[in-house]
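Peer 1: have a look at this prediction, sequence included:
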Amino acid sequence: MANGLCLTGSLTASHQPLTILREKAMVVSIFGRPDCGKCQTTKNKVSHFLSKWGLDEKVGITFHDMSTVDGMAEGSFHDVIDIPATILFDGERRIARWDGKVPESEELRTHLQVAAR
């Protein structure tokens with residue numbers, strides 16, 4: 001984790017360089033704090049399902065630590081008010097967002113199926 005941002009495909013593997021993350025078709029950005037139970041659940045759930053659905057090579061994950069200045073700045077840019085906030089991007093386009101809750105698996109899957117194409 002550097003500057004409040006964790007860059008990795010699975011959040012359990014070693015960190016990937018930003019250039020690799022940018023090559024991914026989609027990115028799930030999670031905004032939270034290390035001491036937030038829902039935030040940790042969101043990270044674990046997204047990572048688990050990306051692996052289970054075979055999308056961990058196609059979809060990147062970023063975690064923005066809202067207890068850091070960099071994390072708060074990024075959160076402000078994306079109008080994050082409540083954590084966890086989970087935003088799914090396809091390139092620069094936001095295609096789904098969940099605020100203050102852990103995304104439902106089926107809802108997440110519906111949006112991520114685009115990445116499998």
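Peer 2: That came through, no problem.
Peer 1: only C-alpha atoms from now on, for both contacts and neighbour counts.
Peer 2: Will do.
Peer 1: who are the packing partners of the top helix by length along the chain?
Peer 2: Counting by DSSP state H, the longest helix found in the chain is helix 37-52. Packing partners of helix 37-52 (3 or more CA pairs under 8 Å, 6 or more residues apart in numbering; DSSP states H and E): strand 26-32, strand 59-65.
Peer 1: hey, which helix or strand in this structure has the poorest pLDDT?
Peer 2: Here the helix or strand of the chain ranked lowest by mean pLDDT, DSSP states H and E is strand 5-8, holding a mean of 41.
Peer 1: ok, back up a step: please save the CA atoms from the longest helix of the chain in CSV.
Peer 2: This file holds the C-alpha atoms of helix 37-52, laid out as CSV (Å, rounded to 0.1, in the frame of the first residue of the first chain):
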residue,chain,number,x,y,z
GLY,A,37,-15.6,-4.0,9.0
LYS,A,38,-17.9,-3.4,6.0
CYS,A,39,-14.9,-2.0,4.1
GLN,A,40,-12.8,-5.1,4.7
THR,A,41,-15.8,-7.3,3.9
THR,A,42,-16.2,-5.5,0.6
LYS,A,43,-12.5,-5.9,-0.3
ASN,A,44,-12.6,-9.6,0.5
LYS,A,45,-16.0,-10.2,-1.2
VAL,A,46,-15.0,-8.5,-4.5
SER,A,47,-11.6,-10.3,-4.5
HIS,A,48,-13.2,-13.7,-3.8
PHE,A,49,-15.9,-13.3,-6.5
LEU,A,50,-13.5,-12.0,-9.2
SER,A,51,-11.4,-15.1,-8.6
LYS,A,52,-14.4,-17.4,-8.4
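Peer 1: mean confidence for that helix?
Peer 2: Taken as a whole, helix 37-52 has a mean pLDDT of 94.
Peer 1: in that helix, what's buried?
Peer 2: If you call a residue buried by 16 or more other CA atoms under 10 Å, then helix 37-52 has these buried ones: 38-40, 42-43, 45-50.
Peer 1: now stretch 83-96
Peer 2: Of the residues in stretch 83-96, 83-90 count as buried by neighbour count, 16+ other CA under 10 Å.
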